[in-house]
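Trainee: predicted model, plus sequence, below.
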Amino acid sequence: MVAPGRAWQRLRRLLAWGAALAVVGPWVGAGCVRVVQPPVTSIQVARGLQRLAGSERPWWPERRVVSRAAIAPALRRAVLAAEDARFFSHRGFDFVEIEAALDRKARGGRLRGASTITQQVAKNLFLWEGRSFVRKGLEAWCTVALEVVVPKDRILDLYLNLAEWGDGTFGAEAASRRWFGTTAKGLTADQAARLAAVLPAPRRWTPTGPVASRRAAFIRARMGSVAAFAPGATATP
């Protein structure tokens, strides 16, 4: 039997290691994804386990990673117009959208999420789904690390290659092939808008369904005012 004093020492040591990992880990992870495309994400693993538990086949979700040049600029504009129009001007947190969300809540509306693309990348890569204060705190710290270490265009590249576009479908290339029978490079503006339209609920809505049709019209109207790349950036690599 372990003495109470020794058990407490072990617990403190474990907590110290956990705290160190939480502080340092996101910066190490951000340095890695700056130059290497992550082979898997935490959300993809979670979906795989869910599909396995439900006896779905194939149990492992499909994800095709492609280069920046292999994704149509229209999809970049559509995703930014739908999810984070101020992506290239904020530093990971859109305080304008946060204030608007809180204002809607104060007027009796539903509190909608105001997560930026960087926050979504942080969650998908490193964390788990949920709304706890612990997870949101870690998400914020991971977001800071990504914004400091990883260029904006690279963060958007990561997002387009890890976003969920339907049950078992991750990344722009797999989504384009599944829903429209084309490559991510060959997407039209309407197809891009439809894909962007379902990002808030990719397992409930489909890019060819009525919700996507309604939302896509609004997204297309905004696409012309959204830049596909950061100032001075190009479509490569």
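Mentor: Structure received. Because the structure is a prediction, the values reported are computed rather than measured.

Trainee: mean confidence score for stretch 131-145?
Mentor: Averaged over stretch 131-145, pLDDT sits at 87.

Trainee: any buried residues in it, and which?
Mentor: Within stretch 131-145, the residues scored as buried using 16 or more other CB atoms under 10 Å are 138-139, 141-145. For glycine as for every other residue, the C-beta is placed from the backbone atoms N, C-alpha and C.

Trainee: now, the residues you listed that are in helices?
Mentor: 138-139, 141-145 (DSSP state H).

Trainee: low-scoring pLDDT stretches of the protein, where are they?
Mentor: Applying pLDDT under 70 to the chain flags residues 1-5, 16, 18, 101, 104-113, 130, 232-236.

Trainee: which stretches of it form strands?
Mentor: 62-63, 169-170 (DSSP state E).

Trainee: quick one: the first one to chain centroid distance?
Mentor: Think strand 62-63. Distance, stretch centre to chain centre, for strand 62-63: 15 Å (CA atoms, centre = their mean, to the nearest Å).

Trainee: with stretch 55-66 instead?
Mentor: With CA atoms, centre = their mean, you get 17 Å for stretch 55-66.

Trainee: most tightly surrounded among the strands of the chain?
Mentor: Greatest average neighbour count among the strands of the chain goes to strand 169-170 (a mean of 24), per mean count of other CB atoms under 10 Å.

Trainee: and that strand, what does it pack against?
Mentor: The elements that strand 169-170 packs onto, with contact taken as 3 or more CB pairs under 8 Å, 6 or more residues apart in numbering; DSSP states H and E, are strand 62-63.

Trainee: elements contacting the strand it packs on?
Mentor: Short answer (3+ CB pairs under 8 Å, 6+ apart): strand 62-63 packs on strand 169-170, helix 172-180.

Trainee: can you give the contact residues for the longest one?
Mentor: Contacts made with helix 172-180 from outside it, assessed by CB atoms under 8 Å, 6 or more residues apart in numbering, are listed as 62-66, 70-71, 75, 160-161, 163, 165-166, 169, 182-184, 186-187, 191, 194-195, 206-208.

Trainee: which of those residues are buried?
Mentor: 62-66, 70-71, 75, 160-161, 163, 165-166, 169, 183-184, 187, 191, 194-195, 206-207.

Trainee: including distance to Pro237, could the helices and strands packed on strand 62-63 go into a markdown table?
Mentor: Output for the helices and strands packed on strand 62-63, formatted as a markdown table (distance: least, CB to CB, whole Å):
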| stretch | distance to Pro237 |
| --- | --- |
| strand 169-170 | 21 |
| helix 172-180 | 15 |
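
Trainee: among the ones you listed, which comes closest to Phe95?
Mentor: helix 172-180 (28.3 Å; CB to CB).

Trainee: may I have the closest one as PDB, with CA atoms only?
Mentor: The C-alpha trace of helix 172-180 is given here as PDB (Å, rounded to 0.1, in the frame of the first residue of the first chain):
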ATOM      1  CA  ALA A 172     -11.600  19.700 -49.400                       C
ATOM      2  CA  GLU A 173     -10.400  17.100 -51.900                       C
ATOM      3  CA  ALA A 174     -12.400  14.200 -50.400                       C
ATOM      4  CA  ALA A 175     -15.400  16.500 -50.100                       C
ATOM      5  CA  SER A 176     -15.200  17.700 -53.700                       C
ATOM      6  CA  ARG A 177     -15.000  14.200 -55.000                       C
ATOM      7  CA  ARG A 178     -17.800  12.900 -52.800                       C
ATOM      8  CA  TRP A 179     -20.400  15.600 -53.400                       C
ATOM      9  CA  PHE A 180     -19.600  16.900 -56.800                       C
END
